[in-house]
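Here is a sequence together with a model predicted from it:
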Amino acid sequence: MAVGLYGAAFGAAATAAGLSVLQTCTLSLLMFTGASQFALVGVLGAGGAPLAAVASALLLGARNTLYGLRLAGPLGVRGLRRVVAAHAVIDETTAMALAAPHAAALRLSFAVTGASLFLGWNVSTLAGALGSSLLGESAQVALDAVVPAAFLALLWPRLRNSGTDRVVAAGGAVIALALSPVVPPGLQVMLAAAAVGLGFGWWRR
Amino acid sequence: MTWAIVLAGSLGCYLLKYLGLAASPALLERPAVRRAVELVPAALLAALVVVQAFTDRQALVLDARAAGLTAAFVALLLRAPFLVVLLVAGGAAAGVHALA
């Protein structure tokens, strides 16, 4: 249900940012990692540089690498199965898989969550992309507000669990706002993330 | 150009996923790698929240999105599920827009 609204919001946001319906659906099919997709179309919609759009998506996508490192052992997939399984290594599947009591349940949970999310995400993206032109002004305003709210909801578990993350998040927000008037759209997000994340990482090493 | 961005971003994100499954788990043991991968998303998501909520191109603005974000914040404090957070944010923004 949540993935349906989030996917429809993505479809609408992407077409509002100037992507075609086909480009929007290609992102959900091939990128299939929500936060990166929102970041990419957010930067494009704000008139940002192509490199900034891709880099924002990749910086957010890097957390999937960490999930993969954690899942690699228990999933135990090789060859073609690994090529397919990799596509489903995202927030939701990792959370569901790691909550499983043993390895067989983990593999089943990963596969079921991955397949159902992939289906729901792509169908709702298409619906959002096609439906956005039918929306009135109030619905457009509502959708504009859904995007930052979704990012806040994704950030929330980190804010609740870690004091370090709270400091890092505050730093990222302040730097991004301060840079917004002076650098091209999209670049401020990358610079904020790189400066705070890497700087804090090295300082606390 | 948009197609190049879509395809390059998608390929890059896929490779990042695959790298995690294929790389040596020893990579995760390196403190610098671990910290960077754990901390960068917090900074990035926070930057995206404020940029998506408070900017319009290069200008800093305060509009209905701020009301939506505030409502989302309250909903999260009350431990509302993801779907409810999004609905509350959209509803608050539309409400403020209608009143303004």
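Okay, I see it. Because the structure is predicted, anything quoted here is derived from the model rather than measured. Residues are numbered from 1 along each chain as shown, chains lettered A, B, ... in the order given.

Residue B:79 in helix, strand or coil?
Under DSSP: H, G, I helix; E, B strand; the rest coil, residue B:79 falls in the coil class.

And the residue of chain A closest to chain B?
Using Cβ to the nearest Cβ, residue A:68 is the residue of chain A that sits closest to chain B, at 1.8 Å. Backbone N, C-alpha and C define where each C-beta goes, glycine included.

Quick check: nearest residue in space to that residue, chain neighbours excluded?
residue B:20 (1.8 Å; Cβ to Cβ, 6 or more residues apart in numbering or on different chains).

packing partners for the helix or strand hosting that neighbour?
For residue B:20, the host element (DSSP states H and E) is helix B:2-22. Here helix B:2-22 touches helix A:21-26, helix A:34-45, helix A:50-75, helix A:79-87, going by 3 or more Cβ pairs under 8 Å, 6 or more residues apart in numbering or on different chains; DSSP states H and E.

could you point out which element follows it?
Next along from helix B:2-22, by DSSP H and E: helix B:26-29.

Report the backbone C-alpha coordinates of the helix or strand following that following helix in PDB.
The element immediately downstream of helix B:26-29 (helix or strand, assigned by DSSP H and E) is helix B:31-54. Extracted as PDB, the C-alpha positions of helix B:31-54 are listed here (Å, rounded to 0.1, in the frame of the first residue of the first chain):
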ATOM      1  CA  PRO B  31      36.400   1.300   9.200                       C
ATOM      2  CA  ALA B  32      36.800   4.100   6.700                       C
ATOM      3  CA  VAL B  33      34.600   2.300   4.200                       C
ATOM      4  CA  ARG B  34      32.000   1.400   6.800                       C
ATOM      5  CA  ARG B  35      31.700   4.900   8.200                       C
ATOM      6  CA  ALA B  36      31.500   6.500   4.800                       C
ATOM      7  CA  VAL B  37      28.800   4.200   3.600                       C
ATOM      8  CA  GLU B  38      26.800   4.500   6.900                       C
ATOM      9  CA  LEU B  39      27.100   8.300   7.300                       C
ATOM     10  CA  VAL B  40      26.800   9.600   3.700                       C
ATOM     11  CA  PRO B  41      23.100   8.600   3.400                       C
ATOM     12  CA  ALA B  42      22.100  10.600   6.500                       C
ATOM     13  CA  ALA B  43      23.800  13.700   5.200                       C
ATOM     14  CA  LEU B  44      22.400  13.100   1.700                       C
ATOM     15  CA  LEU B  45      18.800  12.500   2.800                       C
ATOM     16  CA  ALA B  46      18.900  15.500   5.100                       C
ATOM     17  CA  ALA B  47      20.200  17.700   2.300                       C
ATOM     18  CA  LEU B  48      17.500  16.300   0.000                       C
ATOM     19  CA  VAL B  49      14.800  17.000   2.500                       C
ATOM     20  CA  VAL B  50      15.600  20.700   2.900                       C
ATOM     21  CA  VAL B  51      16.400  21.300  -0.800                       C
ATOM     22  CA  GLN B  52      13.100  19.600  -1.900                       C
ATOM     23  CA  ALA B  53      11.100  21.500   0.800                       C
ATOM     24  CA  PHE B  54      12.700  24.900   0.900                       C
END
